[in-house]
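Participant: build me a model:
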Amino acid sequence: MRDERTVKPVLSKQDRGRLDDLLAEAEKKTGTQIVLALVRRSDSYPELPWTAFALGSSLAGLAVLIQILFFTGWETRMTVLSAAGLILAAGAFLALLTVLSRGFARLFLPAHRAETEVRQYAESLFLNRELFATKGRRGVLMLVSVFEHKVILLPDSGLYSILTPEAMKRIIGSMTPLLKRRRIAPAFEAGLEGLARVLKGYQGPGKDNELPDTLIEEKGV
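Facilitator: Model prediction:
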């Protein structure tokens, strides 16, 4: 079950307040309902330590093989045991690094896997928060997942004709470089500016504020 508690907010109160104001302004200009969400991590990715372990063991095993091929006569019982220990230790060390360092762990995360997990998280949040319950289906979710450095835009059906895949790609492209530099608040600001440009002139069925303007922040998985 998803744990929504957070140890410490990623964004400061000042950043959150500014984003809330920008969000309200963007909604007023576009007649849409925009929800911002921030999640620390969209999946636990239990395979990452094992992938790192396999790499570390393979590299150490290669080093041992080179030793055997080019430095004959060294194979004693103790050295063989030491080599086996070295292989296991190298794997364990890299596996431990994936636990201690998010940046190192991210090296072993395929982009398509990250994209899939973040999208699934966004879709689940969209449904659980009932973001579809707007007049004219004019809601849109902008979710940032910190660990994966990924942004997902999920528009409701009333905005499909305006928020095309190409338009969303441009908006996400303006956010991702900032996110990779851990400039999360500016990334959201860039995303809101992009949304406002794309949705400018949209004539929705109503101007009521049907969804909360406060940024959603979750710990994630």
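
Participant: give the contact list for the residue most central in space within the chain.
Facilitator: Closest residue to the average C-alpha location of the chain: S145 at 2.8 Å, with CA atoms, centre = their mean. Applying CB atoms under 8 Å, 6 or more residues apart in numbering to S145 gives the contacts 39-42, 114, 118, 121, 151-152, 220. C-beta coordinates here come from the backbone N, C-alpha and C atoms, glycine included.

Participant: please name the bridge partners of it.
Facilitator: The residues paired with S145 through beta bridges, assigned by DSSP bridges, are V39, K150.

Participant: where does G136 land in three-state SS?
Facilitator: Taken by DSSP: H, G, I helix; E, B strand; the rest coil, the conformation at G136 corresponds to coil.

Participant: list the contacts of stretch 81-93.
Facilitator: Contacts to stretch 81-93, defined as CB under 8 Å, 6+ apart, come from residues 52-57, 59-61, 63-64, 67.

Participant: which of those residues fall in helices?
Facilitator: Using DSSP state H, the members of the contacts of stretch 81-93 that fall within helices are 52-57, 59-61, 63-64, 67.

Participant: show the contacting residues for the closest residue to L199 other than its chain neighbours.
Facilitator: The shortest distance from L199 to any residue that is not its chain neighbour, by CB to CB, 6 or more residues apart in numbering, is 3.8 Å, and that residue is T30. Neighbour list for T30: 195-196, 199-200, 202, 204 [criterion: CB under 8 Å, 6+ apart].

Participant: buried ones in the helix or strand bottoming out on mean pLDDT in the chain?
Facilitator: Least confident helix or strand of the chain, by mean pLDDT, DSSP states H and E, is helix 77-100 with a mean of 87. Residues of helix 77-100 classed as buried by neighbour count (16 or more other CB atoms under 10 Å): 83, 87, 90-91, 94-95, 97-98.

Participant: possible to save those as a markdown table with distance to K180?
Facilitator: Formatted as a markdown table, these follow (distance: CB to CB, whole Å):
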| residue | distance to K180 |
| --- | --- |
| A83 | 39 |
| I87 | 34 |
| A90 | 29 |
| G91 | 28 |
| L94 | 23 |
| A95 | 25 |
| L97 | 20 |
| T98 | 19 |
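
Participant: which among those residues gets closest to R18?
Facilitator: Looking at these and their distance to R18, the nearest is T98, at 34.4 Å (CB to CB).

Participant: neighbours of H112, just the number please.
Facilitator: Residues within reach of H112, counting by other CB atoms under 10 Å, total 8.

Participant: state the distance from it to E148.
Facilitator: With distances defined as CB to CB, to the nearest Å, the gap from H112 to E148 amounts to 11 Å.

Participant: which residues of this structure fall in strands?
Facilitator: Listed in chain order, the strands found in the chain under DSSP state E are 33-41, 139-145, 150-155, 216-220.
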